[in-house]
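# with the input below, show me the fold.
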Amino acid sequence: MEKIPRNTVIELDIDSLAYGARGVARLDDFVWFVDGALPGQRIRARVLRMKKNYGEARLDQVLKPSPHQVNPPCPWFSACGGCRLQDLDYDIQVLSKTRQLQDLLKRIGKVTVDNILPVIPATSIYRYRNKMEFTFSNRRWILPDEPPGVSSNFALGLHPAGRHDKILDISNCLLQSETAGHLLRQIREMASGSGLPPYDVKSHKGFWRFLVLREGFRTGDMMVNIITSGEGGPAGAEFISGMAGRITSEATGTTTVLHSITDRKAEVAYGESERILTGPGKIMEKIDDCRFEISPNAFFQTNTLQAELLFRTIMSLAAFRGDETVYDLYCGTGAIGIYLAPAVKRVTGIEVVAAAVADARRNITLNQTGNMDIFQGDMRDVLGCSGELPERFGKPDVIILDPPRGGPHPKTIRELLKLDVPKLIYVSCNPAILARDLDILCSDMYHPSVIQPIDMFPHTSHIEVVTVLEKQGE
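Sure thing, here's the model as predicted:
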């Protein structure tokens, strides 16, 4: 196709969604990707760039709406960078995610599509997140319909789509509970009236930085973590101590309020130091019969209801006999290993983060999981330690691999092949990385017996995938 100049307006019929929630159209056998476009729409789009095999365009006008289009209930949907698919019927979201996964795994992972089951949908498509991170800013994103003269020097909320330097001021998020929304509004009111400035991401000056709300959906516990810089000194610390006494929670369990401090320039909601102002300093959560203690910076699945479904799916697909030795790689706080432990002989969790290891050990004690151990170490190194793990914990029959979004290091994949285990269960939140790794794992050792996607995050482009890999010939 001849090159089309930038900013040229073209008309497109959107026929599907690509991974990442971009609309896909074809014009004269050339593929176009358009952010914000939905399957079934006819649109006008403005050309941004053309590459050899595809082009990218910006949505200008919807000429014909999609039959699958719905009215998004969130008043900030058009500006927020979070729920990109809230205006698309949920059944079509699930169907699109199934097709996206099939395409990725077929093209990159060389996987037969017949092995990929349809996405298991979410039981709740709103109010499902047990953790939300909000950002304070002195650079508020002003919406077109806001009254003239609205102050732009204070905001507490989420990033607008495509912007990292400004914050969209919101009073509620439909992905969190009503209890969390109540706390968000209280804290905004107190912080905005404090006289202490919000943090500026360019000058790296200011006091208020982040607010993290965590909730135990099955226990009713609530955690409020207010993260600031150290710039406020004793006066800032005293103000937040007073805030803790004024915060009223509608939680049905215990409520913890913490003040954490970070002076790092990175925009990460994590404090290097913390003090507990009220409550036990942690929350409890349950997954079926298992209980988990969650500290402020611990990783835990952010959708409790779907995590229950995820863990049950892993258990079901693993088809344990009861005599297996299992390695749980990237085990975090030990949740998957603890859940599976009653069905196997022994579980060894491997994790590099010291705080997560400490949480895992507490959770093992809490659940009286006598057949599980935790080994601390970097996955790139510990799997290749000349048989140290098998000597200490036994040769594994099954490995659970649940890496972070960036995926395992390539060296880890090579060491996995050397372990030569009969069954590998790969739990992934990044299908593109999963496809890359399956291309290696299935080249001559394993074959995917089943691939089960689960929708953990409705209205977003994300998808969780459980893949069972078995040695070829077994």
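# three-state assignment of the residue nearest to residue 307 when sequence neighbours are not counted?
In space, and not counting its chain neighbours, residue 307 is closest to residue 301: 3.7 Å by C-beta to C-beta, 6 or more residues apart in numbering. C-beta: built from backbone N, CA, C; applies to glycine. Per DSSP: H, G, I helix; E, B strand; the rest coil, the local secondary structure of residue 301 is coil.
# confidence score at the most centrally placed residue in the chain?
In the chain, the residue lying closest to the centroid (C-alpha atoms, centre = their mean) is residue 302, at 7.0 Å. With respect to pLDDT, residue 302 scores 94.
# dump the residue contacts of it.
Contacts for residue 302 (C-beta atoms under 8 Å, 6 or more residues apart in numbering) come out as 129-131, 456.
# then stretch 73-85 to CSV, C-alphas only?
Listed next in CSV are the C-alpha coordinates belonging to stretch 73-85 (Å, rounded to 0.1, in the frame of the first residue of the first chain):
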residue,chain,number,x,y,z
PRO,A,73,-21.3,3.8,33.8
CYS,A,74,-18.1,5.5,34.9
PRO,A,75,-18.3,9.3,34.5
TRP,A,76,-14.5,9.4,33.9
PHE,A,77,-14.4,6.7,31.3
SER,A,78,-13.5,8.9,28.4
ALA,A,79,-10.4,10.3,30.1
CYS,A,80,-9.2,7.6,32.4
GLY,A,81,-6.5,5.2,31.3
GLY,A,82,-7.9,2.3,33.3
CYS,A,83,-11.0,0.5,32.0
ARG,A,84,-10.5,0.8,28.2
LEU,A,85,-13.3,-1.6,27.3
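# which parts of the stretch 351-474 of the chain are helices?
354-366, 379-382, 388-393, 410-419, 431-441 (DSSP state H, counting those that start in this stretch).
# kindly report the same for the chain.
Secondary structure of the chain (DSSP state H): helices at 90-107, 178-192, 233-246, 304-318, 335-340, 354-366, 379-382, 388-393, 410-419, 431-441.
# before we move on, back to that, leaving out sequence neighbours, find the closest residue to the residue nearest to the centre of the chain.
residue 131 is the one closest to residue 302 (C-beta to C-beta, 6+ apart), at 4.7 Å.
# and for residue 93?
residue 85 (5.3 Å).
# so residue 244 sits against residue 278, correct?
Yes. Here residue 244 reaches residue 278: they are 5.1 Å apart, a contact under C-beta atoms under 8 Å.
# of these two, who's got more company?
Per other C-beta atoms under 10 Å, whichever of residue 244 and residue 278 has more neighbours is residue 244, with 19 against 16.
# any stretches of the stretch 251-400 of the chain with poor pLDDT?
384-387 (pLDDT under 70).
# repeat that with 50
Scanning the stretch 251-400 of the chain for pLDDT under 50 picks out nothing.
# follow-up on the earlier one: what touches both of residue 244 and residue 278?
Going by C-beta under 8 Å, 6+ apart, residues that sit against residue 244 and also against residue 278 are residue 257.
# re earlier: out of the helices of the stretch 351-474 of the chain, the one nearest residue 22 is which?
Closest to residue 22 of the helices of the stretch 351-474 of the chain, according to C-beta to C-beta: helix 431-441, at 13.8 Å.
# do a quick rundown of the strands in the stretch 201-350 of the chain.
208-215, 222-228, 255-261, 273-278, 283-287, 290-294, 325-329, 346-351 (DSSP state E, counting those that start in this stretch).
# how far off strand 255-261 does the fifth one point, in degrees?
If you take axes from the mean of the first three to the mean of the last three C-alpha atoms, to 10 degrees, strand 283-287 sits at 120 degrees to strand 255-261.
# and for the fourth one?
Strand 273-278 and strand 255-261 are oriented at 150 degrees to each other (the same axes, to 10 degrees).
# got the angle for strand 273-278 vs helix 233-246?
30 degrees.
# please apply the same query to the longest one.
When the same axes, to 10 degrees is applied, the directions of strand 208-215 and helix 233-246 differ by 30 degrees.
# over to the last one?
Between the direction of strand 346-351 and that of helix 233-246, the angle (the same axes, to 10 degrees) works out to 140 degrees.
# start at 28 instead
Sure, I'll start numbering at 28, so the last one becomes strand 373-378.
# and the contacts of residue 329, which are buried?
156-158, 483 (16 or more other C-beta atoms under 10 Å).
# narrow those residues to those in strands?
If you go by DSSP state E, the buried ones among the contacts of residue 329 have residue 158 in strands.
# now, among the buried ones among the contacts of residue 329, which is nearest to residue 140?
Once C-beta to C-beta is applied, the member of the buried ones among the contacts of residue 329 that ends up nearest residue 140 is residue 483, at 22.0 Å.
# isn't the closest one up against residue 455?
No. Contact criterion C-beta under 8 Å: residue 483 and residue 455 do not qualify, at 11.5 Å.
# so for these two, which residues contact both of them?
With C-beta under 8 Å, 6+ apart, residue 483 and residue 455 have common neighbours residue 491.
# point out the most buried one among the helices of the stretch 378-501 of the chain.
Most buried of the helices of the stretch 378-501 of the chain, by mean neighbour count (mean count of other C-beta atoms under 10 Å): helix 458-468, with a mean of 21.
# relative to residue 410, how far out is residue 432?
20 Å (C-beta to C-beta, to the nearest Å).
# looking at the two, which one has more neighbours?
residue 410 (23 against 9).
# burial of the nearest residue to residue 275 once chain neighbours are set aside, as a residue count?
In space, and not counting its chain neighbours, residue 275 is closest to residue 213: 7.0 Å by C-beta to C-beta, 6+ apart. By other C-beta under 10 Å, 16 other residues sit near residue 213.
# cool, residue 155 as well?
The number of residues near residue 155, taken as other C-beta under 10 Å, comes to 22.
# surely it and residue 334 touch.
No. Using C-beta under 8 Å, residue 155 is not in contact with residue 334, being 10.3 Å away.
# mind listing what residue 87 touches?
36, 70-73.
# 10 Å - rerun?
36-38, 61, 70-73 (C-beta atoms under 10 Å, 6 or more residues apart in numbering).
# kindly report the same for residue 348.
So residue 348 contacts 370-372, 424 (C-beta under 10 Å, 6+ apart).
# one more: residue 439?
So residue 439 contacts 356-357, 405-411, 428, 430, 464 (C-beta under 10 Å, 6+ apart).
# can you pull the buried residues of stretch 349-361?
Result for stretch 349-361 [16+ other C-beta under 10 Å]: buried residues 351-361.
# residue ranges of the strands in the stretch 78-227 of the chain, please?
81-91, 158-164, 182-185, 195-196.
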